[in-house]
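Undergrad: When you get a sec, could you give me coordinates for this:
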Amino acid sequence: MSSKKTYAVFGLGRYGMSVAKELVKNGAEVLAVDINEDLVNNAILEIPYCKCADITDIEVLKQLGISNVDVVIIAMATNLQTSVLATMLCKELGVETVIAKCSSELNYKVLSKVGADRVIFPENESGIRLAKNLLYSGFVDIINLSKDISMIELEVRPEWEGKNLLELNLRRKYSINVVAIIQNNEVSVNIDPEKPLESSMKLLVIANISKLSKLN
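TA: Numbers count the residues shown, from 1 in each chain. Predicted coordinates:
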């Protein structure tokens with residue numbers, strides 16, 4: 001499948017590379033950037049569009065066309081100053097979504113304050129998992145149960161509101177099985193298939209990874 005959104009990954013360490021590779025593997029347009037020339041040279045074998053550049057320089061970011069990128073992932077948790085500057089500059093240039101990797105609660109608070117739309121702890125969310133969450137619109141979370149099967153927390157789409165699971169027949173249409181409904185932070189596995197869905201609900205579903213593109 002291909003993604004409509006464009007992505008930039010700042011920092012080509014292990015985490016940044018895993019995000020970039022997973023996005024590219026799924027057909028997304030990705031710009032990968034690092035100031036370390038060796039990392040860039042190694043990455044270009046797998047990421048077609050790589051640049052060696054200083055992401056704390058707004059003129060450099062302008063030249064890279066960052067203002068045209070939909071999502072920027074800043075994957076340099078050990079360098080808070082660089083992450084903060086890059087976050088602020090990306091938001092100044094109009095990037096819609098900036099996701100920053102952090103290494104501590106303090107870093108989390110700082111990056112959130114300076115404009116990061118989402119701050120992640122790498123030990124809690126792998127690069128591959130983040131990439132999958134970005135690629136599939138409407139997914140709140142996705143966890144691989146095996147090589148072929150995933151558990152997904154899925155938002156109720158506007159066109160599903162007011163309809164029940166029997167009417168929607170999601171199993172036939174999207175090859176997914178609803179196993180629970182989440183509402184008001186409560187998880188219910190006793191699902192009433194005739195109860196109309198509401199926008200405040202989330203569906204916990206089991207799906208075959210190869211069928212996920214049906215949900216886009």
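Undergrad: residue contacts, the residue lying farthest from the centre of the chain?
TA: Distance from the centre of the chain peaks at residue 194, with 32.5 Å (CA atoms, centre = their mean). Shown in contact with residue 194 (CB atoms under 8 Å, 6 or more residues apart in numbering): 164-166. In short, each C-beta sits where N, CA and C put it, glycine included.
Undergrad: now this protein, which segments are flagged as low pLDDT?
TA: 1-3, 123-129, 131-147, 209-216 (pLDDT under 70).
Undergrad: at 80 instead, please
TA: Along the chain, segments meeting pLDDT under 80 span 1-4, 77-78, 122-153, 185-187, 189, 207-216.
Undergrad: show me where the chain has helices.
TA: 14-25, 37-43, 58-64, 80-92, 105-113, 127-135, 165-168, 170-174 (DSSP state H).
Undergrad: Counting by contacts, list what the fifth one packs against.
TA: Counting contacts by 3 or more CB pairs under 8 Å, 6 or more residues apart in numbering; DSSP states H and E, the secondary-structure elements packed against helix 105-113 are helix 80-92, strand 118-120.
Undergrad: Same question for the last one.
TA: Using 3+ CB pairs under 8 Å, 6+ apart, the elements in contact with helix 170-174 are strand 176-183.
Undergrad: residues contacting residue 164?
TA: Counted by CB under 8 Å, 6+ apart, residue 164 has contacts 192-197.
Undergrad: The same query, at a cut-off of 6 Å, please.
TA: 194-196 (CB atoms under 6 Å, 6 or more residues apart in numbering).
Undergrad: next one: residue 37
TA: Contacts of residue 37 by CB under 6 Å, 6+ apart are residue 52.
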